[in-house]
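> got a sequence here, can you build the structure:
(one chain, ligands or ions: 1)
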Amino acid sequence: MRQAGRYLAEYRKIRAEVGSFLDLCYSPEHATEVTLQPIRRFGFDAAILFSDILVVPHGLGQEVRFVEGEGPKLSPIRNAAEMSGLSLTGMQSTSGPLEPVYEAVGRIREALPAETALIGFAGAPWTVAAYMVEGGTSRDFHAIKSWALTDPDGFGQLIDMLVAATVEHLSRQVSAGADAVQIFDSHAGVLPDGAFEKWIIEPTARIVAGLRGTHPDVPIIGFPRGAGLRYADYVAKTGITAVGLDSVVPVTWARDALQSKLPVQGNLDPVYLLAGGTKMLDAADRILDALGDGPMIFNLGHGVIKETPPEHVTALVEHVRARTA
Ligand code: CP3
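Numbering: from 1, shown residues only. You can find the predicted model right below:
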């Protein structure tokens with residue numbers, strides 16, 4: 001989960017050379033290098049493609065910028081009429097704006113050791129739409145929730161477009177060499193009960209079915225962050241292969257309700273990794289005690305915090321390896 005990034009000096013160096021974050025995402029050579037950096041340093045079992053969930057709105061024709069210290073900025077789309085500038089054509093062409101991403105996937109797969117898996121990814125429609133509608137990061141998600149809850153037909157057009165674009169984007173990554181894919185629904189937790197099914201579960205199920213049409217066997221990891229008890233429904237209805245747990249899901253509940261059905265991934269709070277020491281190792285032990293006897297991928301519950309000392313990651317990896325050897 002965000003294993004590459006600003007907590008690594010070697011990343012900051014490349015990032016400074018290349019300039020903007022999006023330029024880095026679209027440079028196959030440099031995206032390959034920063035994907036490999038954490039693998040070289042820590043020897044993880046899997047690499048995750050260095051890219052961003054917001055390349056999809058960019059591929060659809062929306063203006064996307066990353067402002068230093070502020071995060072992503074998009075020209076907001078607030079109703080169906082404002083979707084007129086968007087088109088699936090670029091995403092469906094073999095010479096579209098996202099070609100450098102697929103080229104990076106091929107290069108990374110070639111450079112990685114055979115035993116290291118490569119994970120491709122995309123944002124889920126709800127989470128990507130949140131950035132497209134809010135125009136960036138949001139605290140309360142009022143604009144997207146208002147549109148979705150009061151004009152479901154109009155908002156559904158945006159979700160339909162994102163479902164098609166996401167199937168295409170994931171399918172291209174798998175064709176280029178990704179061994180598994182992850183669908184990040186980082187803002188799945190903000191919907192009221194009743195709307196979760198329509199805007200989280202259904203679009204994800206359609207993406208899973210669409211991707212299985214071209215790649216029947218590819219493992220698909222779903223990450224409905226903040227879903228709470230609705231994790232169970234998400235697992236039962238989307239068809240995903242494995243599920244990513246956020247840091248607030250009780251692990252004993254996850255063991256009984258979810259891990260009995262499929263592999264789970266997670267869920268150390270990134271703050272423990274920032275803190276390091278015995279607090280971090282104890283927290284990792286609690287996860288391994290609960291989930292270590294079933295199918296699991298040890299991971300964080302969210303992205304690495306940028307102030308995290310890399311030595312804490314080394315210590316965590318050593319600890320988890322020693323316990324699971
Ligand atoms: O190593 C990896 O894990 C792969 C790379 C990766 C990035 N973004 C790189 C990135 C992945 C998997 C993502 C996914 C992503 N992007 C999500 C879903 C996961 C999550 O964190 O919830 C979301 C919501 C985004 C959108 C996004 N990208 C935001 C809100 C920001 C700004 C926040 C910040 O930390 O500045 C980004 C920027 C971003 N994406 C960075 C990285 C390494 C930092 C950019 C930089 O180098 O300046």
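
> in stretch 134-150, what's buried?
Buried residues in stretch 134-150, counted by 16 or more other Cβ atoms under 10 Å: Glu134, Gly135, Gly136, Ser138, Phe141, Ala143, Ile144, Lys145, Trp147, Ala148. In this view, the C-beta of every residue, glycine as well, is placed from N, C-alpha and C.

> please report how far Ile108 lies from the ligand.
Between Ile108 and the ligand the computed distance is 11 Å (Cβ to the nearest ligand atom, to the nearest Å).

> taking the buried residues of stretch 134-150 together, which two end up most distant?
Gly136 and Ala148 (17.7 Å; Cβ to Cβ).

> what is the residue nearest in space to the middle of the chain paired to in the beta sheet?
Here the mean C-alpha position of the chain is nearest to the C-alpha of Phe184 (Cα atoms, centre = their mean), at a distance of 3.5 Å. According to DSSP bridges, Gly123, Phe223 are recorded as the beta-bridge partners of Phe184.

> I'd guessed it sits against Pro125; true?
No. At 11.1 Å, Phe184 and Pro125 do not qualify as touching, with contact defined as Cβ atoms under 8 Å.

> kindly indicate which of the buried residues of stretch 134-150 lies nearest the ligand.
Out of the buried residues of stretch 134-150, the one with the shortest distance to the ligand is Gly136. That distance is 7.9 Å, counting by Cβ to the nearest ligand atom.

> what's the closest non-adjacent residue to Gly244?
With Cβ to Cβ, 6 or more residues apart in numbering as the criterion, Gly244 has its nearest non-adjacent residue at 3.5 Å, and that residue is Phe223.

> quick check, pLDDT for the one you found.
Predicted confidence (pLDDT) at Phe223: the value is 98.

> so who does it touch?
Phe223 makes contact with Gln182, Ile183, Phe184, Asp185, Ser186, Val243, Gly244, Asp246, Gln265, according to Cβ atoms under 8 Å, 6 or more residues apart in numbering.

> one more: Val163?
Counting by Cβ under 8 Å, 6+ apart, Val163 makes contact with Pro125, Pro203, Arg206, Ile207, Gly210.

> how close does it get to Val128?
10 Å (Cβ to Cβ, to the nearest Å).

> and for Met91?
12 Å.

> just want to know which of these two has more residues nearby.
When neighbours are counted by other Cβ atoms under 10 Å, Val128 comes out ahead of the other of Met91 and Val128, with 26 against 22.

> which residue ranges of the stretch 201-325 of the chain form strands?
With DSSP state E, counting those that start in this stretch applied, the stretch 201-325 of the chain shows strands at 220-224, 242-244, 264-268, 296-300, listed in chain order.

> which one, of these, ends up nearest to the ligand?
Taking Cβ to the nearest ligand atom, strand 220-224 is the member of those nearest to the ligand, at 7.7 Å.

> so that closest one versus strand 296-300, what angle?
Between the axis of strand 220-224 and that of strand 296-300 there is an angle of 50 degrees, by axes from the mean of the first three to the mean of the last three Cα atoms, to 10 degrees.

> CA-only coordinates of strand 220-224 in CSV, if you can.
Written as CSV, here are the backbone C-alpha positions of strand 220-224 (Å, rounded to 0.1, in the frame of the first residue of the first chain):
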residue,chain,number,x,y,z
ILE,A,220,-8.6,-9.3,-7.9
ILE,A,221,-8.1,-7.7,-4.5
GLY,A,222,-10.9,-5.4,-3.4
PHE,A,223,-10.3,-2.6,-0.8
PRO,A,224,-13.6,-1.0,0.4
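
> check the protein for its longest helix and report it.
Across the chain, the helix with the greatest residue count (assigned by DSSP state H) is helix 152-176.

> and the buried residues of stretch 134-150, which is closest to Gly294?
Comparing those against Gly294 with Cβ to Cβ picks out Phe141 as the nearest, at 33.8 Å.
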